[in-house]
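Novice: coordinates only, sequence not included:
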């Protein structure tokens, strides 16, 4: 067997192993073939050392984007038992131990993405150097997939940078740029990417004469038993506060690292591999792996990688919160956007929104002030259509009024080139109706961003009968290029996310009308795993926006989408949420919550009712499952996976549950149908009447994921 995934070269006593020989256009991962070839290469190195003696070993990558992005997740997802998954970890540990035990200098020369097993390979070397390119990132993200570093990473990292810093990286799954990695002591040097290989050779010959590494004062301090105990205790408290105990991987990682801290390598790695097997095959990790695969699939268009991006110049019409956010996104990606509105006051708001988004990056040290000024300065606010002939994409983000939008599109089409794509950021109006205002509807589609644009990764691409495939492909590629998560949806009431979100919000207001306390409502949702309760979600969205979308869906879907009277009352009272400081809660000028709105509480029934928490959750989430089934029946999306991905990234449905419909499958569709039938008798036959599609699945003994 020869080398196809890696290269092997010997010259003047140095050995170079190059990863990613056949993956120059995609990420390099530790799959079965790469594992085998890397083991062959290490065997060859050991044999050569015994025969002639070697002066050093150097790892690098042929892939211009990636050093090593970790293990191929399929190797874990295919494991049926804990022992099988543990064997995967043991295999990686054995391989990296052999690198660790080599008696001569070894160095990893890293350019591009280096994650998971890639970092663990580097840690097995006696030195690590990085390129100074912005694409070079290091991290151990395994916790985000519900398991832990399994190839010795949780053992070697504390020895390199100390326990507290290691816990911060491993428990959060954080990624580091080159400078931060150097400050933490994780790497020995940073060099231009063009010199990374030559500097690696120099580093081997001149800087790594021995095997020992300097230990940081922090690392030495963590050897103290009492210090370690406090460090682990504080870390456990932070994890429980952040995850509310829903995620098992961080707690298991803490248990392993604490119990094994003073043990030798062999004993520790045995604990690590066992925990890797337990976590990797758990239901929670299976759900998170499922989400990972859905996210990766969303980057492809018709089963092909979506890489081409011909949309280089952008413009936005409408400089409100959303328009300013989309303009910021374009500016950040060097599209030199034009931002048009009808007044200077509106343009000032859009510029302010963009500037605040850039400042948040500076505060988090993701950007410096020079880059901020350059990118913010590339945004051109204006009151007319100057320069629109040169743009490739125009996003409309004005008031939610169909006739106003159609007039804008009719005018806009005359101001742009024939090749320019025109899209609407509407959250609820018909894309098909808007398309009638254009002479060439083939270049028009919906592109629904979620607020806030700089935080929400989901984008709904809305199609209609006359849109061209080329338009959808270009928009999809553009979204992927901007690191957004695109979901392609056919035109329909509320599209996908809002269509399913409205029943959830409606039922929350119906429950409040029935006498359920706001506290009980919020806690039931938080305890299910939602990031915030319905009250705070209403305040984030704005009651005026939620009410408008609710009325549109009621008009188009009928009585099952009828809003509660409380929604109308809240809007009439001006309880709009964060935008005016008064909603379910009160907010200060900076949007910080300062307490309950007593005027809102006065609208609720004086006598409250008690309801079992599971009952509350069923009242809220069953209508969502039911509406999702209606969407599948109507063919607005092709598969349950699109719905699950959209709700996780669009409204924060708990990732550890794998998605709304994966959760439904696990709970049992027959049980869900029975509960819907019960609520249709005791609560409302229209709001809880079971979907025909769901009923058919139960009759045919099928699931959403079949």
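Specialist: Cool, the structure landed. Quick caveat, the model's predicted, so the values are computed rather than measured.

Novice: all helices of the stretch 1-150 of the chain, in order?
Specialist: Along the stretch 1-150 of the chain, counting by DSSP state H, counting those that start in this stretch, helices occupy 32-51, 73-77, 82-100, 117-124.

Novice: where are the low-confidence patches of the stretch 201-350 of the chain?
Specialist: Within the stretch 201-350 of the chain, the segments meeting pLDDT under 70 span 207-223, 303-309.

Novice: could you pull out the helices for it?
Specialist: For the stretch 201-350 of the chain, applying DSSP H, counting those that start in this stretch gives helices covering 217-221, 225-243, 248-260, 265-280, 283-298, 321-332, 344-363.

Novice: circling back: do you know which of the helices of the stretch 1-150 of the chain lies nearest residue 703?
Specialist: Proximity to residue 703 (CB to CB) singles out helix 73-77 among the helices of the stretch 1-150 of the chain, at 18.3 Å. Where C-beta positions appear, they are placed from N, C-alpha and C, glycine not excepted.

Novice: which residues touch the closest one?
Specialist: Residues external to helix 73-77 that are found in contact with it (CB atoms under 8 Å, 6 or more residues apart in numbering): 30-32, 85, 88, 145, 147, 280, 285-286, 289, 292-293.

Novice: In this protein, where's the longest helix?
Specialist: helix 613-634 (DSSP state H).

Novice: following it, which helix or strand comes up?
Specialist: Of the helices and strands lying after helix 613-634 in sequence (DSSP states H and E), the nearest is helix 640-651.

Novice: quick one: average pLDDT of that following helix?
Specialist: The average pLDDT for helix 640-651 rounds to 96.

Novice: And for stretch 450-470?
Specialist: Mean predicted confidence for stretch 450-470 is 95.

Novice: now do the same end-to-end measure for it.
Specialist: Here the two ends of stretch 450-470 are set 24 Å apart, with distance taken as CA to CA, to the nearest Å.

Novice: in it, what's buried?
Specialist: 450, 452-454, 456-464, 467-468 (16 or more other CB atoms under 10 Å).

Novice: Backbone dihedrals for residue 588, both of them.
Specialist: When read as degrees, to the nearest 10, the backbone of residue 588 gives phi -80, psi -170.

Novice: pLDDT wise, what is it at?
Specialist: On pLDDT, residue 588 comes in at 93.

Novice: OK, contacts around it?
Specialist: Counted by CB under 8 Å, 6+ apart, residue 588 has contacts 581, 594.

Novice: Could you report the separation of it from residue 599?
Specialist: Separation of residue 588 from residue 599 (CB to CB, to the nearest Å) stands at 17 Å.

Novice: got it, and residue 332?
Specialist: On the measure of CB to CB, residue 332 and residue 599 end up 40 Å apart.

Novice: Between the two, tell me which one has more neighbours.
Specialist: Comparing residue 332 with residue 599 by other CB atoms under 10 Å, the one with more neighbours is residue 332, at 21 against 12.

Novice: Give me the neighbour count for the closest residue to that one other than its chain neighbours.
Specialist: Nearest residue to residue 332, sequence neighbours excluded (CB to CB, 6 or more residues apart in numbering): residue 375, at 6.0 Å. Residues within reach of residue 375, counting by other CB under 10 Å, total 20.

Novice: Okay, and residue 375 sits in which element?
Specialist: Short version: residue 375 belongs to helix 369-377, going by DSSP H and E.

Novice: Give me the helices and strands touching that helix, please.
Specialist: helix 321-332, helix 344-363 (3 or more CB pairs under 8 Å, 6 or more residues apart in numbering; DSSP states H and E).

Novice: could you redo the last one with a cut-off of 6 Å?
Specialist: Contact here means 3 or more CB pairs under 6 Å, 6 or more residues apart in numbering; DSSP states H and E; on that basis helix 369-377 packs against helix 344-363.

Novice: Contacts for the helix it packs on, please.
Specialist: Helix 344-363 is contacted by residues 319, 321, 323-325, 327-328, 339, 341, 367, 372, 376, 379, 381, 454 when judged by CB atoms under 6 Å, 6 or more residues apart in numbering.

Novice: among the helices of the stretch 1-150 of the chain, which is nearest residue 646?
Specialist: Across the helices of the stretch 1-150 of the chain, closest to residue 646 is helix 73-77 (CB to CB), at 21.4 Å.

Novice: Would you mark the buried spots in the closest one?
Specialist: Applying a neighbour-count criterion of 16+ other CB under 10 Å, one finds 73, 75-77 buried in helix 73-77.

Novice: From residue 112, how far out is the residue nearest to residue 332?
Specialist: The gap separating residue 375 from residue 112 is 23 Å, by CB to CB.

Novice: Residue 45 now?
Specialist: From residue 45 to residue 112 the distance is 24 Å (CB to CB).

Novice: swap in residue 461?
Specialist: With distances taken as CB to CB, residue 461 is found 29 Å from residue 112.

Novice: what does the helix holding residue 375 rub up against?
Specialist: 331-332, 355, 358, 362.

Novice: quick one, domains of this protein?
Specialist: 7-281, 307-489, 498-636+668-699 (automatic domain parsing).

Novice: Can you say which of those is nearest to residue 649?
Specialist: Of those, nearest to residue 649 by CB to CB is domain 307-489, at 3.9 Å.
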